[in-house]
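1. 3D model of this:
(one chain, ligands or ions: 1)
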Amino acid sequence: MKNIKRSWAEPYKMKMVELLKMTNPAQRKKALKEAGYNTFLLRSDDVYIDLLTDSGTSAMSDRQWAGMMMGDEAYAGSRNFYHLEEVVKDVYGYKYLIPTHQGRGAENILSKILIKKGDIIPGNMYFTTTRLHQELAGGKFEDIIIDEAHDPENEFPFKGNVDLNKLEKLIKKHGAEKIPYVCMATSVNMAGGQPISIKNLKELRALTKKHGIRVIHDMTRVAENAYFIQQREKGYAHKTIKEIVKEINSYTDGATMSAKKDALVNIGGFLAVNEWDVFEEARNMVVVYEGLHTYGGLAGRDMEAMAIGIGESVSDGHMKARVGQVIYLGEKMASYGVPIVKPIGGHGIFVDAIKFLPHMPQDNFPAQTLAAEIYLDSGVRTMERGIVSAGRKTNGENYFPKLELVRFTIPRRVYTQAHMDVIAESAARVYDRRIKINGMK
Ligand SMILES: *Cc1c(COP(=O)(O)O)cnc(C)c1O
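-> Numbers count the residues shown, from 1 in each chain. Have a look, this model is predicted:
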């Protein structure tokens with residue numbers, strides 16, 4: 001009996017369940033047609049297992065719901081704001097907090113304050129709203145992620161790392177004064193939830209310090225990144241997620257946060273900075289775009305749920321179950337031969353649509369097609385992360401991203417292992433009949 005595997009399970013149990021509508025293939029065919037074959041436009045009522053995004057889809061805990069009841073809905077100076085401010089300082093280590101309704105609200109304010117026309121903003125891969133806010137403020141995004149990140153088969157453990165040579169070249173070409181900050185993301189979303197290492201972060205800090213360039217952290221999934229550091233990086237196995245999160249942030253000057261991901265709430269975000277001047281400007285600007293600086297577009301109860309959720313998000317037990325579930329799904333899909341991005345990232349499984357549908361040109365939207373086929377098969381909704389997400393250039397031409405992926409994003413604390421089995425089996429079924437699948441216009 002010595003070799004019996006010891007399984008782990010979720011560090012919570014269920015108190016309430018949300019009932020789902022089950023659909024048949026004819027109903028799904030009709031729903032998909034009405035949605036223009038775009039899974040984004042489906043009604044969620046027609047979806048069985050919703051893996052569109054992990055954004056705002058988490059299940060809150062009993063404590064968070066209890067916190068909602070303690071919302072102080074004062075227009076100014078709500079006690080929930082002060083609680084949140086304390087938690088952001090304690091858990092994340094940033095000095096000044098400006099709450100916003102979600103991550104993009106923080107991106108808007110930060111971009112407007114720090115970016116001038118003609119500036120360059122290097123980053124470890126783009127994110128849709130982040131890049132757009134940089135462009136709207138007059139800046140230009142430059143990708144400085146390591147080349148490994150663009151190769152879905154490369155198993156490098158830190159595919160979120162910054163290529164310091166690429167950054168140095170940009171500094172040489174444009175001059176440090178044209179670079180207001182490096183936009184550094186943890187658990188790089190568009191690369192498949194791939195982490196950055198502490199070693200790389202330290203090197204990034206040293207280089208940017210030398211040139212007087214800020215590092216602004218897109219910390220939407222920092223705790224998931226910390227988990228991978230704990231599992232993979234030498235010297236971190238015995239540190240807690242909380243300690244690693246704080247260390248990551250210590251190499252940066254400020255952060256934008258979508259609390260709808262890591263922080264286990266359905267709405268919320270913030271901008272956090274260490275510089276007083278930037279804080280002052282942001283505090284004035286948030287009033288125009290979001291709301292007064294002590295609520296930033298949120299209700300008091302939302303800030304309370306966020307403060308409690310941040311604490312829960314950096315618990316080791318939570319993160320082990322969270323990422324463990326994602327890895328369970330990924331390994332099951334891979335065992336059926338479905339081509340997935342490796343190593344498995346923190347918030348979902350990314351299927352390589354180009355390998356899945358090798359007969360299909362990228363102009364025919366392989367990832368969008370695959371997302372539609374999976375919905376038809378099982379009612380599982382996934383999201384395209386490829387040529388459609390990359391958008392078009394100002395002249396109307398398509399960007400052709402190297403990665404053409406379908407994202408199976410796992411909401412936190414929402415689905416069971418049996419759901420994961422259903423998802424993997426559906427992907428396997430579609431994979432079996434892949435040769436018969438045609439593209440879209
Ligand atoms: C979701 C997300 C954002 C934007 O946050 P919202 O809360 O959706 O506005 C920014 N960066 C990353 C990496 C994200 O995943």
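2. For the residue in the stretch 201-350 of the chain that the ligand sits nearest to, list the residues it contacts.
-> Of all residues in the stretch 201-350 of the chain, Ser258 sits closest to the ligand, at 3.1 Å by CB to the nearest ligand atom. For the C-beta atoms, the positions are set from N, CA and C on the backbone; glycine is no exception. By CB atoms under 8 Å, 6 or more residues apart in numbering, Ser258 lies in contact with 55, 102-104, 220, 269.
3. what about it, distance to Thr220?
-> Relative to Thr220, Ser258 is positioned 4 Å away (CB to CB, to the nearest Å).
4. Can you work out which residues contact both of these two?
-> Common neighbours of Ser258 and Thr220 (CB under 8 Å, 6+ apart) are Gly103.
5. Check whichever residue of the chain sits closest to the ligand and give its pLDDT.
-> Residue of the chain nearest the ligand, by CB to the nearest ligand atom: Gly103 (2.4 Å). Here the pLDDT value assigned to Gly103 is 98.
6. Run through the helices of the stretch 201-350 of the chain in chain order.
-> 222-232, 241-250, 276-289, 300-313, 316-335 (DSSP state H, counting those that start in this stretch).
7. Let me have the ones you listed in TSV, extended by distance to the ligand, mean neighbour count and mean pLDDT.
-> Shown next, in TSV, are the helices of the stretch 201-350 of the chain (distance: least, CB to the nearest ligand atom, whole Å; neighbours: other CB atoms under 10 Å; pLDDT from 0 to 100):
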stretch	distance to the ligand	mean neighbour count	mean pLDDT
helix 222-232	10	25	98
helix 241-250	14	20	98
helix 276-289	13	16	98
helix 300-313	12	25	98
helix 316-335	15	19	97
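8. Out of those helices, which is closest to Ser78?
-> helix 300-313 (4.2 Å; CB to CB).
9. so what does the closest one touch, helix or strand wise?
-> helix 62-68, helix 79-87 (3 or more CB pairs under 8 Å, 6 or more residues apart in numbering; DSSP states H and E).
10. which of these is buried the deepest?
-> Each of those was given a mean neighbour count from mean count of other CB atoms under 10 Å, and the largest, a mean of 20, is that of helix 79-87.
11. Hmm, Leu164 is touching Arg205, no?
-> No. Using CB atoms under 8 Å, Leu164 makes no contact with Arg205, being 10.9 Å away.
12. Whichever of the contacts of Ser258 end up buried, select them in PyMOL.
-> Those of those that count as buried under 16 or more other CB atoms under 10 Å are selected in PyMOL with:
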select buried, resi 55+102+103+104+220+269
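13. Give me the subset of the contacts of Ser258 that lies in strands.
-> Gly269 (DSSP state E).
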